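# this one's structure only:
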């Protein structure tokens, strides 16, 4: 009989140990029901805290026990967890991120409840581009902490949020530059006399004469209609004084997807692009106009000895 009574008492103790915790305290004025981690908002993280508590993995303070009683029946149990999860699902609104991702508490999310602190992280920019800013879509009632930072935060509103990371080309100081010197561009000399040297500040990219794919020269002159025309000249035709010449050079693009800042004899080219074939960058095309100096006249002065 004593053994039977002892067994019954032991079973009762085990049952009581599994019973929900009763919370008798009133809700403090500075707390929110459901805000179990006491961070000021009700999020999925609170549901995780409550689940861990019910499974014996967390211990709660008296204050946490009060706010964990989500249905207000005086006890903390799985019914509170179910109600909290349903509440979060009802409050969750969609988050759409273009060129990036949204996270909360280190976990990537596509929706969140109002009041959730959301972190935005932009994707890595394309080649020769850099992060510019975040753009918040119309109807998204949120304010970003720093729209000019690739990683920023906002507090989730009750409305869906649509944001996009945008990018811009790197500046010349960031992409480097290429200075081309044409030696031999002088009156009386020919294109065949010209040599070409290159000075590159582009990171890990150098150019040499071996990278030249083609060079063409043309003479620009006024026509009778008041416009201009181009006349291609041969490699052996001499440069004339006070004349505009069109210089075109095609270079191996050396893996570049965006044209750098280029100068030719200190002049900024009229055009400098990366040409492609079937969408694949293949060469750097440079078009520049160079002008020869005016011909200098020589005068002979004779003094006759008078005043």
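Yep, that arrived. Worth saying up front: this structure is predicted, and the values here are computed from it rather than measured.

# Contacts only, for residue 151.
119, 120, 121, 122 (C-beta atoms under 8 Å, 6 or more residues apart in numbering). C-beta: built from backbone N, CA, C; applies to glycine.

# Which single one of those residues is nearest to residue 69?
The closest of the contacts of residue 151 to residue 69 turns out to be residue 119 (C-beta to C-beta; 30.4 Å).

# is it true that that closest one touches residue 108?
No - between residue 119 and residue 108 there is no contact under C-beta atoms under 8 Å: 9.9 Å.

# what do the two both touch?
residue 102.

# neighbour count winner among those two?
Neighbours were counted for residue 119 and for residue 108 using other C-beta atoms under 10 Å; residue 119 has more, 17 against 11.

# In three-state terms, label that one for me.
When classified by DSSP: H, G, I helix; E, B strand; the rest coil, residue 119 comes out as strand.

# right, and residue 235 touches residue 193 too?
No - judged on C-beta under 8 Å, residue 235 makes no contact with residue 193 at a distance of 9.2 Å.

# Mind checking which of these two has more residues around it?
Ranked by neighbour count (other C-beta under 10 Å), residue 235 and residue 193 place residue 193 first, with 15 against 12.

# Please tell me how far the more buried one sits from residue 186.
8 Å (C-beta to C-beta, to the nearest Å).

# And for residue 201?
Distance from residue 201 to residue 186, by C-beta to C-beta: 27 Å.

# is it true that residue 201 touches residue 207?
No - using C-beta under 8 Å, residue 201 is not in contact with residue 207, being 11.2 Å away.

# what residues do the two have in common as contacts?
residue 178.

# which one of those two has more residues nearby?
Each of residue 201 and residue 207 has its neighbours counted (other C-beta under 10 Å); residue 207 has more, 20 against 15.

# quick one: contacts for the more buried one?
Counting by C-beta under 8 Å, 6+ apart, residue 207 touches 178, 198, 200, 251, 254.
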